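In: Using only what follows, build the 3D model:
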Amino acid sequence: VNTLLDHAADVNRRHLVGDSPVMDSVLRGGPRQANECLRVLLERGGRAAVSNGFLTSLHYVSMYSGSCESARSLICRTADVNRIALPKTVWSRSVVLLARFTLWLGNESERSRLYAEAEGATCLHLACLCGHHDLCMTLIEERVDPDVVNARGHTALDLACNADHTLIVQSLSALRLCSD
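Out: Model (predicted):
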């Protein structure tokens with residue numbers, strides 16, 4: 001990454017689908033590689049609060065690496081924990097509709113479920129669906145709203161229940177009891 005950036009690569013240039021290098025960094029490799037790549041990109045001017053017309057870098061962390069370190073790096077550089085994922089492009093709308101269609105056909109793959117539930121979701125919804133307990137707790141600490149309902153009518157707690165992520169369900173239920 002440093003070599004590319006040292007040779008005038010644009011740290012914020014988007015590719016065909018609209019993802020930026022910051023967004024790609026959280027998709028590639030394991031959490032350790034993603035954290036290091038993300039750190040370099042942010043230090044070199046990469047935008048943390050960027051969207052591809054649907055999802056943000058923070059949504060991608062919630063869906064893929066589940067890294068608390070990556071999430072904190074993005075949040076401290078203006079990524080919004082309460083940003084709602086709204087498909088604004090033909091491409092992103094098609095992804096959501098295709099995911100819902102494949103679920104309707106009986107394909108219960110993790111990716112189909114993720115993209116079917118992503119519309120109207122915060123990063124907490126996606127972290128709950130993927131079973132990233134530590135990230136869920138980090139997002140709660142960062143003041144994510146656990147009561148947001150996505151386009152399919154589900155809260156983050158609903159998604160954790162549906163995916164049988166018991167520890168997340170217990171943690172979010174305990175938080176709900178404390179706030180009542």
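In: Could you count how many residues lie near Ala99?
Out: Neighbours of Ala99 under the rule other Cβ atoms under 10 Å: 21. Placement of C-beta: from N, CA and C, glycine included.
In: whoops, I mixed them up, Arg111
Out: So Arg111, with other Cβ under 10 Å, has 12 neighbours.
In: The residue positioned nearest the centre of the chain sits in which helix or strand?
Out: Relative to the mean C-alpha position of the chain, the nearest C-alpha, by Cα atoms, centre = their mean, is the one of His59, at 1.6 Å. Element membership for His59 (DSSP states H and E) is helix 57-63.
In: helices or strands up against that helix?
Out: Using 3 or more Cβ pairs under 8 Å, 6 or more residues apart in numbering; DSSP states H and E, the elements in contact with helix 57-63 are helix 21-25, helix 68-75, helix 110-118, helix 123-130, helix 133-141.
In: Residues touching that helix, excluding its own?
Out: The contact list for helix 57-63 (Cβ atoms under 8 Å, 6 or more residues apart in numbering) reads 20, 22-23, 26-27, 48-50, 55, 67, 70-71, 74-75, 79-81, 83, 85, 114, 118, 121, 123-127, 130, 132, 135, 139.
In: Give me the buried entries from those residues.
Out: The neighbour-count criterion (16 or more other Cβ atoms under 10 Å) marks 20, 22-23, 26, 48, 50, 55, 67, 70-71, 74-75, 79-81, 83, 85, 114, 118, 121, 123-127, 130, 132, 135, 139 among the contacts of helix 57-63 as buried.
In: follow-up on the earlier one: what is the rounded mean pLDDT of the helix holding His59?
Out: The pLDDT scores in helix 57-63 average 91.
In: Can you give me the buried ones in stretch 141-158?
Out: Quick answer for stretch 141-158 (16+ other Cβ under 10 Å): Glu142, Val144, Pro146, Val148, Asn150, Ala151, His154, Thr155, Ala156, Leu157, Asp158.
In: hang on, the third one in a helix?
Out: Okay, so that is Pro146. No: remark: Pro146 does not belong to a helix; assigned using DSSP: H, G, I helix; E, B strand; the rest coil, it is coil.
In: For the closest residue to it other than its chain neighbours, give its distance to Pro87.
Out: Excluding the flanking residues, the one nearest Pro146 by Cβ to Cβ, 6 or more residues apart in numbering is Ala156, at 5.6 Å. Ala156 sits 19 Å away from Pro87, going by Cβ to Cβ, to the nearest Å.
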